[in-house]
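Novice: Curious how this folds, go ahead:
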Amino acid sequence: MEQVQKWFQSKKRNQATEVTSSPNPLEEFINISDTSHSNSAPESSSDLPKDTGEKVPDETNLEFEARSSRDGAWYDVATFLTHRVLSSGELEVRVRYQGFGAEEDEWVNVKKAVRERSVPLESSECWKVAVGDLVLCFQENAEQATYYDARVIEIQRKLHDIRGCRCLFLIQYDHDQTEEKVNLRRLCRRPAN
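Specialist: Next up is the predicted model:
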């Protein structure tokens, strides 16, 4: 009996580092990380959320992107394969990137490297971009073509023509601090909260 108890205790201790499967690890992460609200009841009716009449978004259709530890670029997530909880309590997910095979799968930290997918901008939406905004910018060079986080430093607004938006955006990449003038087609905006 004593050996069985020790076995169960050792399994419980090792459980934090074991890989487990889940059909939706991000849902589990949301539930795990939101314990500050789930353990305590509201103290008064003023603490309850107000019904604003706004439609609650359907989270089953959310798409995600993840930052690769290999190059620091953001890639669309095709699927979450599995997840694990590290001994530090942080959640990691194993992702398969859109358009890549199993050999490119990698573990990423959910809090630091997974987010809702950025939204490409249409020509008529250049007014939505402001100086100081965090954007996702397509960077192409001889070796690779990838998406990196960048800040908008300056905007040169121009008249649109039949080809669409002609505005130019001076951006500074977060990963290497380089600056570049880009057109709207190379930018994606962060989803509204």
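
Novice: What average pLDDT does stretch 131-150 get?
Specialist: When pLDDT is averaged over stretch 131-150, the result is 92.

Novice: what's the answer for stretch 163-172, then?
Specialist: 94.

Novice: Just the buried residues of it, please?
Specialist: Residues 165, 167, 169-171 are the ones in stretch 163-172 that count as buried (16 or more other C-beta atoms under 10 Å). For every residue, glycine as well, the C-beta is placed using N, CA and C.

Novice: now, which of the residues you listed lie within strands?
Specialist: 169-171 (DSSP state E).

Novice: Among the buried residues of stretch 163-172, which one sits closest to residue 184?
Specialist: Closest approach to residue 184 among these (C-beta to C-beta): residue 165, at 4.4 Å.

Novice: residues touching that closest one, list them.
Specialist: Residues in contact with residue 165, defined by C-beta atoms under 8 Å, 6 or more residues apart in numbering, are 123-124, 126, 158, 183-185.

Novice: how does it look with 7 Å?
Specialist: By C-beta atoms under 7 Å, 6 or more residues apart in numbering, the residues touching residue 165 are 123, 126, 184.

Novice: of those residues, closest to residue 98?
Specialist: Among these, and counting by C-beta to C-beta, the member closest to residue 98 is residue 184, at 22.6 Å.

Novice: From what I see, the closest one and residue 122 are in contact.
Specialist: No. Here residue 184 does not reach residue 122: they are 8.5 Å apart, not a contact under C-beta atoms under 7 Å.

Novice: Residue 88 falls within a strand, correct?
Specialist: No. Residue 88: not assigned to a strand; according to DSSP: H, G, I helix; E, B strand; the rest coil it is coil.

Novice: That one: neighbour count?
Specialist: Around residue 88 there are 7 other residues, counting by other C-beta atoms under 10 Å.

Novice: next one: the one 4 residues further on
Specialist: The local packing count at residue 92 equals 22, with neighbours defined by other C-beta under 10 Å.
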